[in-house]
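Peer 1: Show me how the following folds:
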Amino acid sequence: MTKKLLFITSVILLSSCFSGLYSQKLKGNKKAVEASIERHKQELIKVSDSVWALAETAFQEKGSSKILADYAEKNGFKVARGVAGIPTAFTATYGSGSPVISILGEYDALPGISQKAQAEKEPLNAGAAGHGCGHNLFGTASLAAAISIKELLEAGKLSGTVKFLGTPAEEKFFGKIWMVRSGLWDDVDVNISWHPAAQTEADVQSTLALVDFKVEFFGQAAHASADPWNGRSASDALELYTTGINYYREHIKPTVRVHYHIQDGGQVVNVVPDYSKIWVRVRDTKRSGMTPVYERIREMAEGAAIMADVDYKISLISGIYEVLVNRSGGEIMQKNLELLGPITYTEDETAFGKKIQEATGKPQVGMDSSILPLRETEEHPGGGSTDVGDVSWNVANINLGVTVAPKDTPWHSWAVVACGGMSIGHKGMLYAAKAMGMTMVDLFENPSLVKKVKDEYRERKGSAVYEPMIPEGPPPIEIEKW
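Peer 2: Here you go, the predicted model:
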């Protein structure tokens, strides 16, 4: 027997061993969850791959939303489309009475990172979007978990209500804020969420609060050489503004992040620009720390306008809260991860992971199949932001992260897109569905666990009053695209 054949045989035996071990541990309704997801496996992969191929961006996920909503309807859910004034948002509900357990799914992509499902960088469609955050897996896994619970409710093995929420535009605009404002979680006892990752863990870390706003400067056009004294440059104001922001960086706390993107700095070199526009983002680990920085940077826009002798306008795009952690929920999820055991990878999948790492300049260590222990919650975590934070300030929320890409893979990149369209991503998706479905079984079967999770939510929230940070009126569906 060759070394290669021996290795493959060992992997298959090891995989079978792990599968056998956790199948023996799984009993009753949890075993039924696992069986449901395995039974639907090929359909779920097809759904995920279809969303992956469409790769639609914020509020434009018409095809992706339809694929998921249609699949929910096919599986017996009552589907409401176009909720919260968002054409691509929907809910899928089954059952009646308490508890009401919801699970949310995302399906928007990121612009400009289209990629084939291969370890060499090559766009599927040049210049198009790609699922660099794995949201094709996110929405599908969550719906799979909801379907497994629906089947148990239908069979009379559980009682209560399961509710899937299709949530668009997480990468820009943050669609969940409008959905929260519309009361879509008002009747929910506990919400479940997950996110694709490069490691598997019950996630008890928070995220960064964030605010997005747009600054426009309005000046007077003139010939840049013949009579520049007749011009008032909106571009000058923009440059003065960014200079002010960059000097301010020295005087903000290390937890704060400030980003900006110049969207319009003038059109041609021989005209004094009469218009400029910049998109600015401020983050901090707490909304209370973010707000004063946001207010100061807003004031700088007025100063820049005065110096350049132009007018200005500030428009709020949206803002999101940090995630309100729930360790009681994390403990429930952790036990189910340990029941499932780690994901196992084939030799080809390990080789694919190493090629991704090589192509992105990372150590070629392959896939991380470990399950992290439940970590201590950090007071000031690093990382990104998510509108799941807004959900978590309105209902008790349990988070999960599952491996769908090799260790140290750059997120929001072509490398994650590649993994999300092949078996590495598929394995993570199916694993996440099982872990979330099993956690929902615990909540449906044990009212005391629901109470414990809700009690912690109320304690952590305290007297804080949630106020959505979005402009008045409908979401900006057609106003501005990527």
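
Peer 1: Report all helices and strands that the helix or strand containing S148 contacts.
Peer 2: Following DSSP states H and E, one finds S148 within helix 135-154. Applying 3 or more Cβ pairs under 8 Å, 6 or more residues apart in numbering; DSSP states H and E, one finds that helix 135-154 contacts helix 28-39, helix 41-54, helix 62-74, strand 90-95, strand 100-105, strand 161-166, strand 190-197, helix 423-445. Where C-beta positions appear, they are placed from N, C-alpha and C, glycine not excepted.

Peer 1: Out of these, which gets nearest to S315?
Peer 2: Nearest to S315, of all the helices and strands packed on helix 135-154, is helix 62-74, at 25.8 Å by Cβ to Cβ.

Peer 1: helices or strands next to the helix or strand immediately after that closest one in the chain in the packing?
Peer 2: The C-terminal neighbour of helix 62-74 among helices and strands, as given by DSSP H and E, is strand 78-81. Applying 3+ Cβ pairs under 8 Å, 6+ apart, we find strand 78-81 packed against helix 62-74, strand 90-95.

Peer 1: So what touches strand 78-81?
Peer 2: The contact list for strand 78-81 (Cβ atoms under 8 Å, 6 or more residues apart in numbering) reads 65, 69, 72-73, 87, 90-94.

Peer 1: If we use 10 Å, what do you get?
Peer 2: Strand 78-81 is contacted from outside by 65-66, 68-73, 87-95, 163-164, 166, 184, using Cβ atoms under 10 Å, 6 or more residues apart in numbering.

Peer 1: Report whether V293 is found in a helix, as I expect.
Peer 2: Yes - V293 forms part of a helix when assessed by DSSP: H, G, I helix; E, B strand; the rest coil.

Peer 1: That one against K286, yeah?
Peer 2: No - V293 is beyond contact range of K286, at 11.2 Å (criterion: Cβ atoms under 10 Å).

Peer 1: ok, those two, which is more surrounded?
Peer 2: More crowded of V293 and K286, by other Cβ atoms under 10 Å: V293, with 20 against 15.

Peer 1: dump the residue contacts of that one.
Peer 2: Going by Cβ under 10 Å, 6+ apart, V293 touches 211, 248, 251-253, 256-258, 282-284.

Peer 1: picking that back up, could I get the helices and strands packed on strand 78-81 in CSV, plus columns for distance to A464, mean pLDDT and mean neighbour count?
Peer 2: Output for these, formatted as CSV (distance: least, Cβ to Cβ, whole Å; pLDDT from 0 to 100; neighbours: other Cβ atoms under 10 Å):
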stretch, distance to A464, mean pLDDT, mean neighbour count
helix 62-74, 32, 98, 20
strand 90-95, 26, 98, 23
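
Peer 1: can you redo those as JSON lines with distance to V465?
Peer 2: Output for the helices and strands packed on strand 78-81, formatted as JSON lines (distance: least, Cβ to Cβ, whole Å):
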{"stretch": "helix 62-74", "distance to V465": "32"}
{"stretch": "strand 90-95", "distance to V465": "25"}
